[in-house]
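>>> based on what follows, work out the 3D shape:
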Amino acid sequence: MARSENQKLKLLYLKELFETQSDEDHILSMQDIVSYLAARGIRAERKSVYADVACLQAFGMDIVLQKGPGGGYFLASRPFELAELKLLSGAVQASKFLSERKSVALIEKLSTLCSKYQAAQLKRQLTVRDRVKSMNESVYYTVDRIHEAIARNLQVRFRYFDWGVDGRKHERPGDYFASPYALVWDDENYYLIAHSERHGLTHYRVDKMAKLTITQKPRVMTEEAKTLDLTRYGKAVFGMFSGQAQQVKLRFQNSLAGVVLDRFGKDAMLVPDGNEHFTFTTEIVVSPVFYGWLAGFGERAEILFPESVRAEFAAQCRKTLELYK
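So this is what the prediction gives:
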């Protein structure tokens, strides 16, 4: 490459240098900068470097000059702070719907948003291996196509599968067609809330969807869909397990107030019931998952109403006890 062409790249190389090799703990001396440019075939005088740094500062880069012995230049701030990148990295590692390979790839990309020294801290925290992760490599792209279908107001077509005891995918018969409404995160999994001709308003685990394509059929927008409150839906459905929505009155010991508020939100109305208990009434999609959640509290939680839900929960408990006789 001709010298003049190298000079045209000078500002880009300087930008790269500050972004990848400087932070408040790693300051670049003038000699560091000149040597970096020389290694890329660019001769630079100190005076021209001062002007170039000023140009980058005017462009918006937060390059700071630290004066005194051992002083020099460093990039003081970036779009993401290191603490934020660590938080995002942790979320990627914990996400079950992402495969191990995709998690590692995403964290590698996050590491490009900080200096190489800070990136080393992110990678030292990398503990993706042996975590419970999705075995469906296409989830990342399935999510992208679902977002596109929602934006274009079109239905999607896909196959749905279950994992067998042989560790392999077993597709359910036939294609599924659905009108996608939203994607929600629940219990460490990604779910599609949609309308289907088979089940009406329902949801699908995204990591169990395969071969998803966007059709040319417009979405079905029912009245239920138009008034869908995702926050309320997420609180009412336990483990995204389908069932009948009912108003349920529950009684808890006071020690479980935090648990109830964590599950149903800080605006949940807890009504005192004596000195040691409170009651709480809400809409719940009654299902075995809900009963399992309630059973975990033992005698500290009780269904008061309706009687049909109370009786069904008791019957469920008796069936479980039968296994241990």
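>>> alpha carbons only for contacts and neighbour counts from here, please
Fine.
>>> spit out the contact partners of Gln247.
The contact partners of Gln247, by C-alpha atoms under 8 Å, 6 or more residues apart in numbering, come to 281-284, 306.
>>> in the stretch 101-250 of the chain, which spans are strands?
154-163, 169-171, 176-186, 189-196, 200-205, 209-218, 244-253 (DSSP state E, counting those that start in this stretch).
>>> which strands or helices does the shortest one pack on?
Strand 169-171 sits against strand 154-163, with contacts defined as 3 or more C-alpha pairs under 8 Å, 6 or more residues apart in numbering; DSSP states H and E.
>>> report the strands that pair with the strand it packs on, each with its relative direction.
Note on strand 154-163: by DSSP bridges, its sheet partners are strand 169-171 (antiparallel), strand 176-186 (antiparallel), strand 209-218 (antiparallel).
>>> would you mind writing the CA trace of it as CSV?
Extracted C-alpha coordinates of strand 154-163, given in CSV (Å, rounded to 0.1, in the frame of the first residue of the first chain):
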residue,chain,number,x,y,z
LEU,A,154,-47.8,-12.1,8.9
GLN,A,155,-48.4,-15.7,10.2
VAL,A,156,-45.6,-18.2,10.7
ARG,A,157,-45.3,-21.9,9.8
PHE,A,158,-43.1,-24.3,11.8
ARG,A,159,-42.7,-27.8,13.1
TYR,A,160,-42.8,-28.5,16.9
PHE,A,161,-40.8,-31.2,18.6
ASP,A,162,-40.1,-32.8,21.9
TRP,A,163,-37.0,-34.3,23.3
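>>> just the strands paired with strand 154-163: most buried one?
Compared across those, strand 176-186 shows the largest average neighbour count, a mean of 20 (mean count of other C-alpha atoms under 10 Å).
>>> where in this structure is pLDDT low?
Counting by pLDDT under 70, the chain shows low-confidence ranges at 1-5, 124-137, 187-188, 234-243.
>>> so how far is whichever helix in it runs longest off the chain centroid?
Looking across the chain with DSSP state H, the single longest helix is helix 307-322. Offset of helix 307-322 from its chain centre (C-alpha atoms, centre = their mean, to the nearest Å): 36 Å.
>>> that helix: which residues count as buried?
Going by neighbour count (16 or more other C-alpha atoms under 10 Å), the buried part of helix 307-322 is 309-310, 313.
>>> by contact count, what packs against it?
By 3+ C-alpha pairs under 8 Å, 6+ apart, helix 307-322 packs against strand 301-305.
>>> what pairs with the strand it packs on, parallel or antiparallel?
Strand pairing for strand 301-305, determined by DSSP bridges: strand 244-253 (antiparallel).
>>> what's the first helix or strand after the strand it pairs with?
Sequence order places helix 257-264 as the next helix or strand after strand 244-253, per DSSP states H and E.
>>> tell me what angle that next one forms with strand 244-253.
Interaxial angle, helix 257-264 versus strand 244-253 (axes from the mean of the first three to the mean of the last three C-alpha atoms, to 10 degrees): 160 degrees.
>>> the helix or strand following helix 257-264 pairs with which strands, parallel or anti?
Next helix or strand after helix 257-264 toward the C-terminus (DSSP H and E): strand 271-273. Next to strand 271-273 in the sheet, as set by DSSP bridges, lie strand 277-286 (antiparallel).
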